[in-house]
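could you work out the structure for the sequence below:
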Amino acid sequence: MHPLLKKIHKTLAQGKPAKARAALARAGSAPTAVQLHGEGLIAVASGEAQQGVDLLRRAVSAQPDYVQPWFDIAAVLCQAGQHQQALQCYQQVLKAEPGNALAECGTGELLLAAGDARGTEHLQRALSLDPGLARAAHLLGDSLYRRGSYAEALALLDKARNRARDDTGLAMLAGKCAMKLDRPWQALSCFRDALSAPQPDEARLRITHCHVSLADDRAAQACIEKWLPQMQQLRGDMLALQGVMQLQANQPDAAVESFRAALVEDRNVMEAWSRLAELRPADFRSEDIDHLETLASGDDGRAAAAGFCLARIHARRGELQREVAQLERANALVAGGAEQACQEMEQTAAAWRHVTGEHSAADSTSSNPEPIFILGLPRSGTTLMEQILSSHSQVAAGGESLAFGHAMAQARAHFSLTTAQALDGPQQAALARYLQEQMRDYYGAFLQKQGGRADAPRPELITDKAISHYLYAGLLHAAFPQARFIVMQRDPVDVCFGAFRKFFTSGHAATCRYDTLARSCRLFNECVTHWSSVAGMALTTVHYEQLVNAPEQVMRAVLDDLGLDWEPQVLNFTGNQAAVRTASVQQVRQGLYPDAVQRWRRYGDLLSPLVQALAHEGIDVEAYAHRLGLAHGQ
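Numbering: from 1, shown residues only. Next comes the predicted model:
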């Protein structure tokens, strides 16, 4: 850029058009095109947009190979909403300079804004021409994020951030992708890099959320106490996050107050609405429902969250047809990544099914507890089982632990892992040892974060119920040869519809469609059947229906399998002070309620599409009830 134009840009950015005009007048020797360009910029900055565009076009006419004015014309046209004309400006640049990365980026941005998928091709071309073009990386990463391609987006953004470490926008988007991939430790680093943004409140909120996800409640509470008084924006969201922590800590009354305070700050805080719909659905007033219906009429994630809230209220009122209609619409709004998520699970299962305990890690002498892996689909009763088990004096609740995910992420880098098939016996054993060491350290650090009395005995066992564990059970068996696996089974329609009713803000993308839910159910059954045939794997199957109807009989058998003595307090688990960090937090605090058994039958033909999807995957929904001796509605 000509030095005169740099000076004019800088002066105009300071809001001093008169000073810019004076600088232009003193530069009498500047080329005509540059003079006209400067006059056009000053006119635009002075509110004379049309005059400015005319001057900028004259600059191009005076020197046809001088393309910079086209960018400024495009900016003015975009601001006026004339996107098609702006697109023509970028095409003029590419006609003169076919390798202009900025013009490719601008073209891609406008095409994507118009819903034209060809925009991604232009953004990819821009990055190939200039790998350091942060704007193109951000736009392409955002496009991938919106399509649910979180891993691909994160890989792209990480490369871009290596070249633009100070770009807080890239850091923020990378952190969002990491959270969608259930990697809060990685997201935390990204959001910390975004704290230097002019408006840091979103970074503050997301850092706090990362600490909650990492079960570091002390750090999360410290963030709330430090930042909440300073926040100008998103105060309602921070109050809602405080409510989530209180709910996890079994303080429902305090949580309700925090959620209500959040809505006083901002009526559109969906976390607060969602939680109140679960905790106090009967308290919703007509104006609350009207507001949610307005929000639900949109086409974004907020509309989906509002739809789930309304569905909960309809269910409370017994309006099942309206509930299902709301759920189907809300899920459709966030189902973009369902197919890809399902395919990734199927690929993961196929890749790791051959890794078993044949090449296992040696038993560690670590003092950290041994894991109990609880396998199950979302809404199958895994949280219920964990809360019962962790009421035993020798068992700690680890929740949907990040131990394996964190260790596996490190292992991929340490061993340069690509596919499981590439590992021979010695490599499998080395990976198993590495995972055992990393996961034991994680469990120890987790228990330390939870606090408790210094003189309290350290538990011998810790539950680990991460939902994806059933895909990697053989590898977990190799890492922990003595570990027990508890498999939670539940009526396939109940478990699928239970997931369909829940708004998962991250992960579980396959729960948004009946067909991908059915495929997930079939995949889980196939994996469990396979792992049951692996020699040495200690699997204990528990049926949710039997657990809620005969808890003592079932739990005596489970504890016996675990080598633990019977302790009556396990049946009084509602008093368990262990934090519940899953979507089942409210349900599990209510204790055992057999009314949830065969709940789906109340909906009759409303759930025919789900029943048909399960049948398509070879799942006979009546066979499960018959095998357990369950009558309809029991």
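
from the chain's centre, how far out does stretch 22-35 sit?
Centre-to-centre, stretch 22-35 and its host chain are 53 Å apart (C-alpha atoms, centre = their mean, to the nearest Å).

please report the number of neighbouring residues for the residue nearest to F284 when sequence neighbours are not counted.
Among residues not flanking F284 along the chain, I313 sits closest, at 5.7 Å (C-beta to C-beta, 6 or more residues apart in numbering). Where C-beta positions appear, they are placed from N, C-alpha and C, glycine not excepted. I313 is flanked by 19 other residues according to other C-beta atoms under 10 Å.

next: K95.
So K95, with other C-beta under 10 Å, has 12 neighbours.

got it, and the one 10 residues further on?
One way to gauge burial is a neighbour count; for C105, by other C-beta under 10 Å, it gives 27.

which residues does the host helix or strand of it contact?
Per DSSP states H and E, C105 falls inside helix 101-113. Residues outside helix 101-113 that contact it (C-beta atoms under 8 Å, 6 or more residues apart in numbering) are 67, 70-71, 74, 78, 83, 86-87, 90-91, 93-94, 97, 117-123, 125-127, 129-130, 133, 135-136, 139-140, 143.

quick one on the thing from earlier: which element is the residue nearest to F284 on?
helix 301-316.

now do the lengthiest helix in the chain: which elements does it pack against?
Secondary structure of the chain read by DSSP state H shows that its longest helix is helix 425-450. The contact analysis (3 or more C-beta pairs under 8 Å, 6 or more residues apart in numbering; DSSP states H and E) places helix 425-450 against helix 403-415, strand 461-464, helix 473-479.

one more time with 7 Å, if that's ok
Judged by 3 or more C-beta pairs under 7 Å, 6 or more residues apart in numbering; DSSP states H and E, helix 425-450 is in contact with helix 403-415, helix 473-479.

weakest of the ones you listed by average pLDDT?
Sorting these by mean pLDDT places helix 403-415 lowest, at a mean of 86.

which parts of that helix are buried?
Residues of helix 403-415 classed as buried by neighbour count (16 or more other C-beta atoms under 10 Å): 403-409, 411.

now those in CSV, with distance to L471?
CSV is the format used below for the buried residues of helix 403-415 (distance: C-beta to C-beta, whole Å):
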residue, distance to L471
A403, 15
F404, 10
G405, 12
H406, 16
A407, 15
M408, 11
A409, 15
A411, 15
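
what does the helix or strand where L41 lies contact?
Here L41, judged by DSSP H and E, is contained in helix 32-45. Helix 32-45 is contacted from outside by 2, 4-5, 8, 12, 17, 20-21, 24, 51-52, 55-56, 58-59, 62-63, 66, 68-69, 72, 76, using C-beta atoms under 7 Å, 6 or more residues apart in numbering.

mind checking how far A305 is from M270?
4 Å (C-beta to C-beta, to the nearest Å).

ditto for G444
36 Å.

who has more neighbours, these two?
Neighbour comparison, G444 and M270: the larger count goes to M270, with 22 against 16 (by other C-beta under 10 Å).

follow-up on the earlier one: now the helix holding L41, how far from the chain's geometric center?
Using C-alpha atoms, centre = their mean, the offset of helix 32-45 from its chain centre is 47 Å.

output the contacting helices and strands for the very next helix or strand once past that helix.
As assigned by DSSP H and E, the chain's next helix or strand after helix 32-45 is helix 49-62. The elements that helix 49-62 packs onto, with contact taken as 3+ C-beta pairs under 7 Å, 6+ apart, are helix 32-45, helix 68-79.

which of those helices has the lowest mean pLDDT?
Of all the helices and strands packed on helix 49-62, helix 32-45 carries the lowest average pLDDT, namely a mean of 89.

quick one: buried residues of that helix?
33-45.

need the helices and strands packed on helix 425-450 in CSV with distance to V324, can you?
Output for the helices and strands packed on helix 425-450, formatted as CSV (distance: least, C-beta to C-beta, whole Å):
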stretch, distance to V324
helix 403-415, 33
helix 473-479, 34
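
mind checking those helices for the one nearest to V548?
Smallest distance to V548 across the helices and strands packed on helix 425-450 (C-beta to C-beta): 24.9 Å, for helix 473-479.
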